[in-house]
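*Asks:* no sequence for this one, just the structure:
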């Protein structure tokens, strides 16, 4: 079954000194780079999703800012198997050409990783399942942040575990090591 890798929103604003720093983004990036190497070695497609925040009052991923750029360690190579897909909504399929590009490549299964687990990774993974792509979500190649609700802070590791647990209904959730061995 032909696979493709979807790398969601690994952009400067999520890293140290960015406008929306996540929990352990550099460790997550290291896993993503290893995952991408696996896809490159097997000459399988890699889709880089890049979020441009066009909402009024947005504070990060602003067009033409340093923060909106893909992380410099992750830049794609000029290749017929690596693609950048711009988006402006959490779901990477919504109002983008991602689904059409995947179909053109005859992809049957998507391997998903990226940032933020509780938002864009979640919505993209759910949609991938609904579109029949039998997604595999690489848990340790995703990052999130702490969230607040009703005056209570839920720490990032708990947010991560909660969303990954919920996503087991939509995807095969596994570690990088489980996937590559």
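*Replies:* Nice, thanks for sending it over. What you are looking at is a predicted structure, and each value in this text was computed from that prediction instead of being measured.

*Asks:* so for residue 65, what's the nearest residue that isn't a sequence neighbour?
*Replies:* The spatial neighbour of residue 65 that comes closest, neighbours along the chain excluded (Cβ to Cβ, 6 or more residues apart in numbering), is residue 13 at 7.8 Å. Any C-beta I mention is one placed from the backbone N, CA and C, and that applies to glycine too.

*Asks:* wait, residue 114
*Replies:* Nearest to residue 114 is residue 8, by Cβ to Cβ, 6+ apart, at 2.9 Å.

*Asks:* my read is that that neighbour contacts residue 92, right?
*Replies:* Yes: counting by Cβ atoms under 8 Å, residue 92 is a contact partner of residue 8 at 6.0 Å.

*Asks:* for the two, list the residues in contact with both.
*Replies:* When contacts are counted by Cβ atoms under 8 Å, 6 or more residues apart in numbering, residue 8 and residue 92 have 49, 120, 124 as shared neighbours.

*Asks:* looking at this, residue 119 is in a helix?
*Replies:* Yes: assigned with DSSP: H, G, I helix; E, B strand; the rest coil, residue 119 falls within a helix.

*Asks:* surely it touches residue 90?
*Replies:* Yes: assessed by Cβ under 8 Å, residue 119 is found in contact with residue 90 at 5.1 Å.

*Asks:* sounds good, over and out.
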